[in-house]
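>>> predicted model, plus sequence, below.
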Amino acid sequence: MSEATPRDLFDEDAPDERFPDASVGKLYAFSSSRFLTEELEKQSSHAVLWWPVVMAIGIGIFFALPADPQPWIGFLCLAAVLAVRTAFRVSFWVRLFTFVLALISVGFCAAQLRTHLVDAPSLLEDVGPALVTGTVIQVEPSGSAHRVTLDRLHISGFSEDQTPAKVRVRIPGSHGVPRVGQNIEVRSILRPPGRPVAPGAFDFQRYSYFRQLGGVGFAVGQWQSVSDLGATTSVWKDRVLELRADVGGRLSKSLPDESGAVARALITGERNAVPEDLQEAYRQAGLAHMLAISGLHMSLLTGLAFLFFRYGLALVLPIAERFDIKKLSAVIALGAALFYLVLSGSNIPAQRAFIMVSVVLGAILIDRTALSLRTLAWAAMLVLLLQPEALVGASFQLSFAAVVALIAVYERVHLRSRLWNRYGNFQPLKALALYALAVLVTDLIATSATAPFTAFHFHEIPSYSLLANLLAGPVMGLLIMPFGLIALLLMPFGLESIALIPMGFGIDLVDSIARFVSSLPGSILVTPQAELWALIAVSVGALFLALWQGHLRWLGTIAMVIGLLQPWNSVGPDIVIDEDAQLIAFKGEDGKLSLPSGRADGFTRGVWSEMWGRSNVAQKDIDGLNCDAIGCRYAKGGLIISIANTEAAVFEDCGQSDVLVARVPTWQICKQDQSIDRFDVWRHGAHAIWLNGGEVKVERVSDKTGRRIWNRSTWR
């Protein structure tokens, strides 16, 4: 009997003897292979949509490593993959597999290269008081003080190769506020950027490293303006700073108080003058994106510039008849976007928004669909290649999640309606209703897509974001940004106040909306702390749902549901210890952390409260917790935890508890396996302890951060 071929295996008329038991496995294997091949063939025309996703895997691997890899490892892997692909290019599966590995290697190499390119000196220990001289490049409000970022630095006692590229100094409000572009000197105490205050919390060290922020601190004296830094100057950079300062001054002059402060935030990116209570109202109302230079403002201003010049050029017949005014308008709009990027301070979110806008306008220039998932994929790849660290930041995740969801939905569901009746008359009420519906649907999609990322990074979700954006969105798109663009065009002629009056009216209206919505009962939904794998599951599921072609895309909902349920099934730690072993919190009966009374360590307290909730139960009322002057004893689940404040308490509690936590060094006093002392938290950062089923689980900050180049100041 001849051997059965794959075609024979699917021949319904084939005799039974063709299917011996040994061939059943081959039949299923061939069926699965054919099914998988057919599914992959469906994706062939949309394969580019998955390229940035696969690149992101390589970037994620790089940032997840516990230690810095060898500089050549990424490029070696890429070369090896390309060699295998060249040698075995005949096989479809080998070509597919090697292409995926190549993209992963590209992402890994991009992250590795970027990490070494931005490497700059950073403080390794506390410094000061020292005289710090530099140029103000950013001013941010911080309670009654301001956080001032300086570059072109000179620090007394530091050589040029030891001096950080930038430092951030907290200056009391009573000392006055320096303006952006001003050269100042101030005596300060500086320290390296701090590590996370809890396992899994925001990594300020990594954030600072990629922004070349080598130190933070506070002023111990009055700052003074200086005229000469005695260092190499950048004429272009100075001109930009002067331009931003001039534009900001004109905005403040024409629009007083809060209106002028918000206008400066929208145009120049300076939010230092916006009152803290107003910023909080924007956050609680779900309108925080309107105060930050992001894709919203960049797209609105660029789109307005494109429409303005396209319709304006259409009125000039010699130009309209000889040139493609659509492409010409795209070039002009690109220039407007570049100008806005420079004027707004070129922060990271604005850079990403500019890249996305550039890709969209570039698509117009080459006669492609301006806004599609394919265009977005190229924008994402460009962002990931230039700024791979953006992948692990909230801004990138929020912006791309919203845009992917919007495009994916609107490519499948088209909201169309005729705005003119059969007699050719415009129907304003129908147009208004359609616009309101479009805003509502758009915000519903964007809010739903970004909610998991908002909850993961900020542990809260604005409950009335739909209402706030429905009310404020039209004001921003039809009143504030259009007149903001007109004001910029009129500034060279000194006529900007003509446009700033209606712009200020729109800003006041949005401020009122933010305050009204934030004051509604239950304006904030507090969410539990989520694990990183849950966010990855939600992301993968959402991408599969949006990008996969065919009915199998609905399988993505399974991963999304699993990821969304994880935070609500998580259990917070029973004890949390800060990196100085001075602040210790215990879980109350309500499942939240009970913090000791006091006003110190406000930032750490705030982060812990966001991550695990703040209990209303005082520590003295927690069952099983007994404290005196020299320490505490905490009993839960058959385990005993001792907290020793003194060496005498350590000697007394040694060996008498399952876990010994000491605010003093214990290595000369007690040799207990389960112990956490002052040196442990100094080396490894904050600790979180779970007491479950008679077992002790401990997580340390160093377990999450590893030993990477950006946290070298805490290598011990």
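Cool, got the structure.

>>> contacts only, for the residue nearest the centre of the chain.
The C-alpha lying nearest the average C-alpha coordinate of the chain belongs to residue 394 (CA atoms, centre = their mean; 1.5 Å). By CB atoms under 8 Å, 6 or more residues apart in numbering, the contact set of residue 394 is 453, 457, 458. The C-beta positions use only the backbone N, C-alpha and C, and glycine is treated the same way.

>>> top of these by neighbour count?
When these are compared by neighbour count (other CB atoms under 10 Å), residue 453 ends up highest, at 21 neighbours.

>>> pLDDT score for that one?
Reported pLDDT at residue 453 in the predicted model: 91.

>>> go on, residue 295?
Residue 295 is assigned 66 on the pLDDT scale.

>>> how about residue 4?
What the model reports as pLDDT for residue 4 is 42.

>>> repeat that for residue 242.
According to the prediction, residue 242 has pLDDT 76.

>>> what about the strands in the stretch 501-650 of the chain?
Along the stretch 501-650 of the chain, the stretches classed as strands by DSSP state E, counting those that start in this stretch are 524-526, 575-577, 584-587, 593-594, 625-628, 631-636, 639-644.

>>> can you redo the ones you listed as TSV with distance to residue 203 and mean neighbour count?
Converted to TSV, the strands of the stretch 501-650 of the chain look like this (distance: least, CB to CB, whole Å; neighbours: other CB atoms under 10 Å):
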stretch	distance to residue 203	mean neighbour count
strand 524-526	22	14
strand 575-577	17	25
strand 584-587	21	24
strand 593-594	21	22
strand 625-628	31	14
strand 631-636	29	19
strand 639-644	28	23
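
>>> residue 304 should be in a helix, yeah?
Yes - secondary structure of residue 304 (DSSP: H, G, I helix; E, B strand; the rest coil): part of a helix.

>>> so it touches residue 485, yeah?
Yes - A contact is recorded between residue 304 and residue 485 when judged using CB atoms under 8 Å, the distance being 5.2 Å.

>>> the two: who's more crowded?
Taking other CB under 10 Å, residue 304 and residue 485 do not tie; residue 485 has more neighbours (21 against 18).

>>> so the more buried one is in which element?
helix 481-490 (DSSP states H and E).

>>> which elements pack onto that helix?
Secondary structure elements in contact with helix 481-490, counted by 3 or more CB pairs under 8 Å, 6 or more residues apart in numbering; DSSP states H and E, are helix 257-267, helix 295-314, helix 497-518.

>>> tabulate those helices (JSON lines), appending distance to residue 68.
Supplementary listing: these in JSON lines, determined by distance: least, CB to CB, whole Å:
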{"stretch": "helix 257-267", "distance to residue 68": "37"}
{"stretch": "helix 295-314", "distance to residue 68": "32"}
{"stretch": "helix 497-518", "distance to residue 68": "43"}
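
>>> could you list the low-confidence segments of the stretch 251-400 of the chain?
Within the stretch 251-400 of the chain, the ranges that satisfy pLDDT under 70 run 272, 293-296, 348-349, 370-371.

>>> quick one: the helices in it?
257-267, 276-285, 295-314, 317-322, 325-343, 348-365, 373-386, 394-412 (DSSP state H, counting those that start in this stretch).

>>> hang on, the earlier thing: quick one: which of the strands of the stretch 501-650 of the chain is nearest residue 361?
Set against residue 361 and scored by CB to CB, the strands of the stretch 501-650 of the chain come closest in strand 524-526, at 37.6 Å.

>>> the closest one: how far from the chain's middle?
19 Å (CA atoms, centre = their mean, to the nearest Å).

>>> then stretch 514-527?
The answer for stretch 514-527 is 22 Å, by CA atoms, centre = their mean.

>>> now the element after the one helix or strand residue 461 maps to, going C-ward?
According to DSSP H and E, residue 461 maps onto strand 460-462. Of the helices and strands lying after strand 460-462 in sequence (DSSP H and E), the nearest is helix 465-475.

>>> who's in contact with that next one?
Residues lying outside helix 465-475 but in contact with it, judged by CB under 8 Å, 6+ apart, are 285-287, 290, 435-436, 439-440, 443-444, 447, 462, 506, 509-510, 513-514, 517.

>>> how does it look with 6 Å?
When contacts are defined by CB atoms under 6 Å, 6 or more residues apart in numbering, helix 465-475 is touched by residues 285, 286, 287, 439, 440, 443, 447, 506, 509, 510, 513, 517.

>>> just flag the most distant two among the residues you listed.
447 and 506 (22.3 Å).

>>> look up how far residue 183 lies from the spatially closest residue to residue 307 that is not a sequence neighbour.
Nearest residue to residue 307 in three dimensions, chain neighbours excluded: residue 329, at 8.0 Å (CB to CB, 6 or more residues apart in numbering). As judged by CB to CB, to the nearest Å, residue 329 and residue 183 stand 40 Å apart.

>>> again, but for residue 586
Between residue 586 and residue 183 the distance is 49 Å, computed by CB to CB.

>>> residue 447 and residue 506: who's more crowded?
When residue 447 is set against residue 506 and neighbours are counted by other CB under 10 Å, the residue ahead is residue 506, at 24 against 18.
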